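*Asks:* Based on what follows, work out the 3D shape:
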Amino acid sequence: MKNFKIICCLFALLAGVQLTAQNSFKVEVYGEGQPILLFPGFSNTANVYTEVISKLSQDYQVHAFTFGGFGDVAPIEKPWLKTIKLDVEDYISKNELQNSIIIGHSMGGTLGLWLASEDKNINKLILIDALPAMGALMFPDYDSDAIQYDSPYNKQLLEMGDKAFEAMAKQMATNMSLDPLGQKKIAADMLKADRKTYVYGYTDLLKLDLREKLSNIDIPVYILAANLPYGKEAAEKNYKDQYQNLNDYTLNFTENSKHFIMYDQPEWLNDQIKIALDTNE
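*Replies:* Below you'll find the model as predicted:
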């Protein structure tokens, strides 16, 4: 009987799906209420939020995004990330979404920060293992202008054979999740991604530095962070360094999780999202 009820709920949920499309993304809309915009991380689709959607759509209107070049969404021309950002602003305006909440994982969280730093109609940010300047984490002497689209590394990725790319994707997936099924999903998303989008879109992300713009954000920001692979102490230092210009934020760490918290610690993630949504500031 319990399984039957779950199946019925899922059918009811799916029956309420509306599909809307824009040049740079596809959106699946579930439920009614205050709008929540769900942004997945780089190369992922809205499917990464399946469990989150099933819970949130009971009380909110959930807009689950899949960006161009990923999943079954057609790729777009460069500049990839800036085009997405402008199109999301247009989507919010055209659909008259008031006091929107953004939940973003990794790159999706970075995009949320970018929008919130310029748009006062965003009500709250919930960031899942996301930073304002990912490139600064990867390069000790970080210089946004020094990161080029036409680079030897990008050329190597574009020319890499399918088998080599698949091996790389599987290795990267093991570094981003402890869960074997989660690793398969991460690798599958990477393999399905448009190769040029994967290469040049990631370059967009590495070049983006929002640290100075954080001072423009005056809404509640909740950061849900993973403690692996470097440990909580190292991770906490990285977060505090990158978010030092943000006036106020709440930072919570999960235990025993890598970057994809939704796969490694789904119950913790759902609980923390609910707490953040229920907190009035």
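*Asks:* Give me the residues contacting stretch 143-155.
*Replies:* By CB atoms under 8 Å, 6 or more residues apart in numbering, the residues outside stretch 143-155 that reach it are Lys78, Gly135, Phe139, Val199, Tyr200, Thr203, Leu206, Lys207, Leu208, Asp209. Where C-beta positions appear, they are placed from N, C-alpha and C, glycine not excepted.
*Asks:* Okay, buried residues for that stretch please.
*Replies:* For stretch 143-155, the neighbour count (16 or more other CB atoms under 10 Å) marks Ile147, Asn154 as buried.
*Asks:* first vs last residue of it, how far apart are they?
*Replies:* End-to-end span of stretch 143-155 (CA to CA, to the nearest Å): 20 Å.
*Asks:* what about that stretch, distance to the chain center?
*Replies:* Put simply, stretch 143-155 sits 23 Å off its chain's centre (CA atoms, centre = their mean, to the nearest Å).
*Asks:* Find the nearest non-adjacent residue to Ala74, please.
*Replies:* Once flanking residues are discounted, Ala74 sits nearest to Gly68: 6.4 Å by CB to CB, 6 or more residues apart in numbering.
*Asks:* ok, now Ser257?
*Replies:* Asp264 (3.8 Å).
*Asks:* Please report how far the one you found lies from Lys237.
*Replies:* 21 Å (CB to CB, to the nearest Å).
*Asks:* With neighbour numbers in mind, choose between the two.
*Replies:* Asp264 (21 against 11; other CB atoms under 10 Å).
*Asks:* Pull the contacting residues for that one.
*Replies:* Asp264 touches Ser177, Leu178, Asp179, Gly182, Ala226, Thr254, Asn256, Ser257, Lys258, counting by CB under 8 Å, 6+ apart.
*Asks:* any idea which of those residues is closest to Ile92?
*Replies:* Ala226 (28.7 Å; CB to CB).
*Asks:* my read: the closest one touches Asp129, true?
*Replies:* Yes. At 5.1 Å, Ala226 and Asp129 qualify as touching, with contact defined as CB atoms under 8 Å.
*Asks:* Could you grab the helix/strand/coil label for Leu97?
*Replies:* coil (DSSP: H, G, I helix; E, B strand; the rest coil).
*Asks:* Next one, pLDDT for it please.
*Replies:* Predicted confidence (pLDDT) for Leu97: 95.
*Asks:* What distance do you get for it to Pro35?
*Replies:* Relative to Pro35, and taking CB to CB, Leu97 is found at 4 Å.
*Asks:* what residues are shared contacts of the two?
*Replies:* The contact lists of Leu97 and Pro35 share His63, where a contact means CB under 8 Å, 6+ apart.
*Asks:* Next, work out how far apart Ser177 and Ser215 are.
*Replies:* Distance, Ser177 to Ser215, using CB to CB: 33 Å.
*Asks:* Same drill for these two, tell me which one is more crowded.
*Replies:* Ser177 (24 against 12).
*Asks:* ok, the nearest residue to that one once chain neighbours are set aside - contacts?
*Replies:* Spatial nearest neighbour of Ser177, excluding adjacent residues (CB to CB, 6+ apart): Phe260 at 4.3 Å. Counting by CB under 8 Å, 6+ apart, Phe260 touches Gly41, Val48, His105, Met176, Ser177, Asp179, Gly182, Ile186.
*Asks:* residue ranges with poor pLDDT in this protein?
*Replies:* 1-21, 281 (pLDDT under 70).
*Asks:* what do you get if the cut-off is 90, keeping everything else the same?
*Replies:* 1-23, 78, 119-121, 139-141, 229-231, 279-281 (pLDDT under 90).
*Asks:* Let me see the ranges of the strands in it.
*Replies:* Listed in chain order, the strands of the chain (DSSP state E) span 18-22, 25-30, 35-39, 61-67, 100-105, 122-128, 221-225, 250-253.
*Asks:* Columns mean neighbour count on top of these, output as a markdown table?
*Replies:* Shown next, in a markdown table, are the strands of the chain (neighbours: other CB atoms under 10 Å):
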| stretch | mean neighbour count |
| --- | --- |
| strand 18-22 | 12 |
| strand 25-30 | 20 |
| strand 35-39 | 25 |
| strand 61-67 | 26 |
| strand 100-105 | 26 |
| strand 122-128 | 24 |
| strand 221-225 | 23 |
| strand 250-253 | 15 |
